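Participant: starting from these lines, generate the structure:
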Amino acid sequence: MTDTPSSAGSPRPTGKPARQNVTFASGGADAHGYLALPPAGQGPGVIVIQEWWGLTDHIADVTDRLAGAGFVALAPDLYGGNVAHEAAEAFRMMRELPVESGVSLLSGAVDYLLARPEVTSRTVGAVGFCMGGGFVLYLAAHDRRVSAAVPYYGVIQGEVPDFSGLKAQVQGHYGEHDQSIPVATLQGLRETVRKQSGVDADLRVYPAGHAFFNDGRPEVYDPKASAEAWSSTLEFLRENVR
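Facilitator: Numbering: from 1, shown residues only. The predicted structure follows:
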């Protein structure tokens, strides 16, 4: 499952910097992210993992939406403040982020989120998109504190994760017409997860293309598929993040 500049669609028209409002320790250094709290002031924790574009307004909006649904949501910034403005730049930035470094930063984000007094759960959910969907699977395979893993059209870079330590339930959302993640590959992923961990990954397919959830990109956004996937995501998180 790979992503290329051509498969990602047209450039994202944004000149805005990465959205950040918190700083936390991760891997012996400072990391940054965007935190959103629910109206009640407390709730279960969820990590939101960015697309290859960076910590954009879209990802911040998804984080806000999760907070509105009752979660304490944190989107870590994997690019250190940088945001891509065109697909070739996004592809380069994704390739320059080692998987191990990304997982280490995300584990630090889990530490930070679970230590916050507003978080009522002992585990976290993880929701990610494109590159971030792949990191959802890497993080869940690495960190047993992730109890619900939700990759949206997740791009796995390089080797498939070792799922032998996976404790999370998995619900994935993919596009039938996504050229970067052929539907035929999902059965192999499902079987690998089941064989290595015993988890029966629920990988759902919609009549849509790549990035169908990104309402900031009208050329790929699919309202019907997005609404169905989002409703399922919220229900899944509520059932599995405790």
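Participant: low-confidence ranges, this structure, go.
Facilitator: Across the chain, the ranges flagged by pLDDT under 70 are 1-16.
Participant: and the longest strand anywhere in it, what does it pack against?
Facilitator: Ranked by residue count under DSSP state E, the longest strand found in the chain is strand 119-129. Contact here means 3 or more C-beta pairs under 8 Å, 6 or more residues apart in numbering; DSSP states H and E; on that basis strand 119-129 packs against strand 43-49, helix 57-68, helix 99-115, helix 131-142, strand 146-152, helix 223-240. All C-beta spots, glycine's among them, are computed from the backbone N, C-alpha and C.
Participant: compute the inter-axis angle for that strand and helix 223-240.
Facilitator: For strand 119-129 against helix 223-240, the angle by axes from the mean of the first three to the mean of the last three C-alpha atoms, to 10 degrees is 150 degrees.
Participant: let's see strand 119-129 as CSV, backbone CA atoms only.
Facilitator: Taking Å, rounded to 0.1, in the frame of the first residue of the first chain, the C-alpha atoms of strand 119-129 are listed here in CSV:
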residue,chain,number,x,y,z
VAL,A,119,-9.0,12.0,30.3
THR,A,120,-11.3,9.5,32.0
SER,A,121,-10.1,6.4,30.1
ARG,A,122,-7.2,4.1,30.8
THR,A,123,-6.7,3.5,27.1
VAL,A,124,-6.9,5.7,24.0
GLY,A,125,-8.4,5.4,20.5
ALA,A,126,-6.4,6.3,17.5
VAL,A,127,-7.9,7.7,14.3
GLY,A,128,-5.8,8.6,11.3
PHE,A,129,-6.0,9.4,7.6
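Participant: coming back round to it: need the helices and strands packed on strand 119-129 in TSV with mean neighbour count and distance to Tyr34, can you?
Facilitator: TSV is the format used below for those (neighbours: other C-beta atoms under 10 Å; distance: least, C-beta to C-beta, whole Å):
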stretch	mean neighbour count	distance to Tyr34
strand 43-49	27	8
helix 57-68	20	5
helix 99-115	19	11
helix 131-142	27	13
strand 146-152	27	18
helix 223-240	16	18
